[in-house]
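Peer 1: One predicted model, sequence on top.
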Amino acid sequence: MISKTRKFLTEVRVELAKAQWPWDPNEKGFKRFKELNDSTVVVLVAMFILGGYIALFDFALIHVVGFLTRP
């Protein structure tokens with residue numbers, strides 16, 4: 001059990017070393033994560049735009065269906 005766990009952790013470390021991380025390792029401080037922060041902002045803006053579009057479409061559809069089904 002312990003040898004399998006050790007082998008797994010070794011393989012994980014090897015694979016993580018191959019990964020390309022979204023920051024510059026030569027930068028220091030908060031500037032190091034500029035690409036990561038920019039990507040996060042893009043995702044949040046896209047999420048709010050899509051959420052607004054869905055909410056507007058849902059609001060309009062509720063009123064159209066309500067108007068068509070009124071007795």
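Peer 2: Done, it's in.
Peer 1: Check which helix or strand Gln20 maps to.
Peer 2: Under the criterion DSSP states H and E, no helix or strand holds Gln20.
Peer 1: separation between it and Phe30?
Peer 2: 20 Å (Cβ to Cβ, to the nearest Å). Heads up, the C-betas are built off the backbone N, CA and C, glycines and all.
Peer 1: Please state the mean pLDDT value computed over the host helix or strand of Val65.
Peer 2: Here Val65, judged by DSSP H and E, is contained in helix 34-68. The average pLDDT within helix 34-68 is 94.
Peer 1: Same check on stretch 21-29?
Peer 2: Per-region confidence: stretch 21-29 scores 75 on mean pLDDT.
Peer 1: Mind listing residues that contact it?
Peer 2: 32-36, 39 (Cβ atoms under 8 Å, 6 or more residues apart in numbering).
Peer 1: Would you mind listing which of the residues you listed are buried?
Peer 2: Among those, those classed as buried by 16 or more other Cβ atoms under 10 Å are Phe33.
Peer 1: Distance to Leu61 for the contacts of stretch 21-29 - can I get that in a markdown table?
Peer 2: Converted to a markdown table, these look like this (distance: Cβ to Cβ, whole Å):
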| residue | distance to Leu61 |
| --- | --- |
| Arg32 | 45 |
| Phe33 | 41 |
| Lys34 | 41 |
| Glu35 | 39 |
| Leu36 | 37 |
| Ser39 | 32 |
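Peer 1: quick one on the thing from earlier: measure how far the helix holding Val65 is from the centre of its chain, please.
Peer 2: Per Cα atoms, centre = their mean, to the nearest Å, the displacement of helix 34-68 from the mean C-alpha position of its chain is 15 Å.
Peer 1: buried sites along it?
Peer 2: Buried-residue list, helix 34-68, by 16+ other Cβ under 10 Å: empty.
Peer 1: follow-up on the earlier one: the more surrounded of Gln20 and Phe30?
Peer 2: The neighbour count for Gln20 versus Phe30, taken as other Cβ atoms under 10 Å, is higher for Phe30 (8 against 4).
Peer 1: distance of the more buried one from Gly66?
Peer 2: 50 Å.
Peer 1: Cheers, nothing more for now.
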